[in-house]
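>>> Task: produce atomic coordinates for the following.
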Amino acid sequence: MSLEVIIVGAGIAGLCTAIALREAGHSVFEKSQFLGEAGAALLLSPNGARVLSHLNFSFTNAQANEMTCWEVLNGMTFEVIEQSHLHNAEEVYGAKIFTVHRSDLHNEFIRLALQKVDGEKDIELFLGSGVKSADTEKGVVELQNGDRHKADLIIGADGIHSVVKGAVVGQAVEPRFSGVNAFRFLIPTSMLEEDEKYMEMLKVKGKGSSIFVDVSETEVGRHLVWYDCHSGAVQNFVGIHKGSTESPAETEISGLKARMMVEFEHFHPNIAHIISVAPEVTDWPLYIHEPLPTWNRGKVLLIGDAAHPMLPFGGQGANQAIEDAGALGALLSHMSSVEDLPKRLALFDKVRRLRASRVQILSTVRLGREKDVEDEVRKYTDYPGQSVPTTFHERNVHDLGFDVYEQCRMLCRNETEM
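Numbers count the residues shown, from 1 in each chain. The predicted model follows:
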């Protein structure tokens, strides 16, 4: 039998889950009028890339770049502080690691979601359909226009400001400001091909994600993340800095580049130069909330940023949403009866909630600072005495080496043997 599933939100979590549950009937409600992802670029680490390969995702279509190095450098001297070579990522972690532009990723999800597959139900996308509320007992969502839709399962994939979240948790969950903002800008590589300072920076940069940090600051502090995307045609930069929740007025946007240059003026002169040639700089406050005690109530389940919003330190936000999709596809496909749904959702909780909570806490500190949150991460171990990451390498093993399909198979075997 197949489930009737309503997915609220057509971002990374929502569309990837719809694709993973292809054999079920889907209605995907998205409040915006356009299928498109805001933002710049992101990492697809092996734990996420493994799921995407299983879903026939085309890394070529998404113009993804293979990443062979992940490093932390002194922002003033370019001296290497931490470095992880990923040439053998497939051998060590089970899949390759890529950089990808968010819109390229989302467009490939749209292609997969809309393609016709023999013997499987179509995925229906409803744009401009904001959800007003969700009934956890009846499995009903009410849209802003008053329409009501019923399903066996409602999946809330509507982001950190989720409408569905309150119905699951039983109270409003307000995201808190993290204390840091992110400057973002993209530069076409063609603009930099004859730039001497850019070429000098390439000499110290590995092929992948390079993080230039302010070593004088003991907290998250300032750092600049740099990697390319869109088949190498675009250079992606993110500048983390202590900020505020105030979004700049339209008239101030032209001054953001100057503000960023002030924030990073004590970094290496070549970094200041790169900022100076950026076509446009934006600045966004970053939000998070504490790990939720539950993601499921009755016929409603939370996934993605609705369940576990991440800060960008570690590049796991999208990958954890993709893991959610992989687990749902593995656990909810080929069900014999809708009566099995509560048991399958309980298994999903075992596979995902504590793991994602650990990653969520780790996402609040940059690579190499894992020891700072060790005590907090230990609150979310799967079993007493489980080791938690306290170094850059251990974090890679924990985050990148996880196989969500194998974990689902193991739990299903244990469930059958009990």
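>>> Would you list the phi and psi of Leu55?
phi -90, psi 10 (degrees, to the nearest 10).
>>> can you tell me how far it sits from Pro269?
Between Leu55 and Pro269 the computed distance is 45 Å (Cβ to Cβ, to the nearest Å). For every residue, glycine as well, the C-beta is placed using N, CA and C.
>>> now Arg222
16 Å.
>>> Would you mind measuring from the closest residue to Gly314 other than its chain neighbours to Leu143?
Spatially, and ignoring its direct neighbours in sequence, Gly314 is nearest to Ser363 (5.2 Å; Cβ to Cβ, 6 or more residues apart in numbering). With distances taken as Cβ to Cβ, Ser363 is found 32 Å from Leu143.
>>> Any idea how many residues pack against Val225?
22 (other Cβ atoms under 10 Å).
>>> where does Ser209 land in three-state SS?
strand (DSSP: H, G, I helix; E, B strand; the rest coil).
>>> so it touches Leu42, yeah?
No: contact criterion Cβ atoms under 8 Å: Ser209 and Leu42 do not qualify, at 10.2 Å.
>>> Mind listing the shared neighbours of those two?
Both Ser209 and Leu42 are in contact with 99, 315, where contact means Cβ atoms under 8 Å, 6 or more residues apart in numbering.
>>> Now do the helices in this structure.
Counting by DSSP state H, the chain has helices at residues 12-20, 46-54, 89-93, 102-114, 165-169, 196-204, 256-263, 269-276, 317-332, 341-362, 374-377, 392-400, 404-417.
>>> Show me which residues of the fifth one are buried.
Taking 16 or more other Cβ atoms under 10 Å as the neighbour-count basis, helix 165-169 is seen to contain the buried residues 165, 167-169.
>>> How about residues contacting that helix?
By Cβ under 8 Å, 6+ apart, helix 165-169 touches 133-136, 156, 172-173, 292-297, 300-302, 306-307.
>>> how about 7 Å then?
For helix 165-169, the surrounding residues in contact (Cβ atoms under 7 Å, 6 or more residues apart in numbering) are 133-134, 136, 156, 172-173, 292, 294-297, 300, 302, 306.
>>> Buried subset of the residues you listed as a ChimeraX selection?
Buried residues among those (16+ other Cβ under 10 Å), as a ChimeraX selection:
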select :134,136,156,173,292,295,296,297,300,302,306
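>>> By pLDDT, give me the weakest of the contacts of helix 165-169.
Least confident entry in the contacts of helix 165-169, by pLDDT: Ala172, with 79.
>>> Give me the phi and psi for that one.
phi -70, psi 140.
>>> For it, which non-adjacent residue is spatially closest?
Gly166 (5.2 Å).
>>> okay, the one you found: pLDDT?
93.
>>> Against Glu376, how distant is it?
On the measure of Cβ to Cβ, Gly166 and Glu376 end up 25 Å apart.
>>> tell me the domain boundaries of this protein?
Domain assignment for the chain by automatic domain parsing gives 4-66+102-174+292-417, 176-288.
>>> Ile274 versus Phe212, what's the distance?
On the measure of Cβ to Cβ, Phe212 and Ile274 end up 10 Å apart.
>>> whoops, Asn414 was the one
52 Å.
>>> These two: which is more packed in?
Comparing Asn414 with Ile274 by other Cβ under 10 Å, the one with more neighbours is Ile274, at 23 against 11.
>>> residues contacting that one?
Per Cβ under 7 Å, 6+ apart, neighbours of Ile274: 198, 237.
>>> now swap in Gly14 and tell me
Here Gly14 is in contact with 7, 28, 157 (Cβ under 7 Å, 6+ apart).
>>> same deal with Ala13?
157, 303-305, 321, 324-325.
>>> Could you dump these into a markdown table with neighbour count added?
As requested, the contacts of Ala13 are arranged in a markdown table below (neighbours: other Cβ atoms under 10 Å):
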| residue | neighbour count |
| --- | --- |
| Ala157 | 31 |
| Ile303 | 30 |
| Gly304 | 31 |
| Asp305 | 26 |
| Ala321 | 28 |
| Asp324 | 31 |
| Ala325 | 30 |
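>>> In those, find the pair that's most separated.
Asp305 and Ala325 (13.1 Å; Cβ to Cβ).
>>> Strands of the stretch 1-150 of the chain, start to end?
4-8, 25-30, 41-44, 65-66, 69-74, 80-85, 98-101, 123-127, 131-135, 140-143, 148-150 (DSSP state E, counting those that start in this stretch).
>>> which of those has the lowest average pLDDT?
For those, mean pLDDT drops lowest on strand 25-30, to a mean of 73.
>>> that older thread, reformat the helices of the chain as TSV; add distance to Thr245.
Listed next are the helices of the chain as TSV, based on distance: least, Cβ to Cβ, whole Å:
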stretch	distance to Thr245
helix 12-20	24
helix 46-54	29
helix 89-93	36
helix 102-114	23
helix 165-169	20
helix 196-204	32
helix 256-263	16
helix 269-276	23
helix 317-332	19
helix 341-362	20
helix 374-377	23
helix 392-400	28
helix 404-417	34
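>>> out of those, nearest to His230?
When the helices of the chain are compared by Cβ to Cβ, helix 102-114 sits nearest His230, at 6.2 Å.
>>> So what angle separates the directions of the closest one and strand 123-127?
130 degrees (axes from the mean of the first three to the mean of the last three Cα atoms, to 10 degrees).
>>> Looking at Ser363 and Leu143, which one has more neighbours?
More crowded of Ser363 and Leu143, by other Cβ under 10 Å: Ser363, with 23 against 18.
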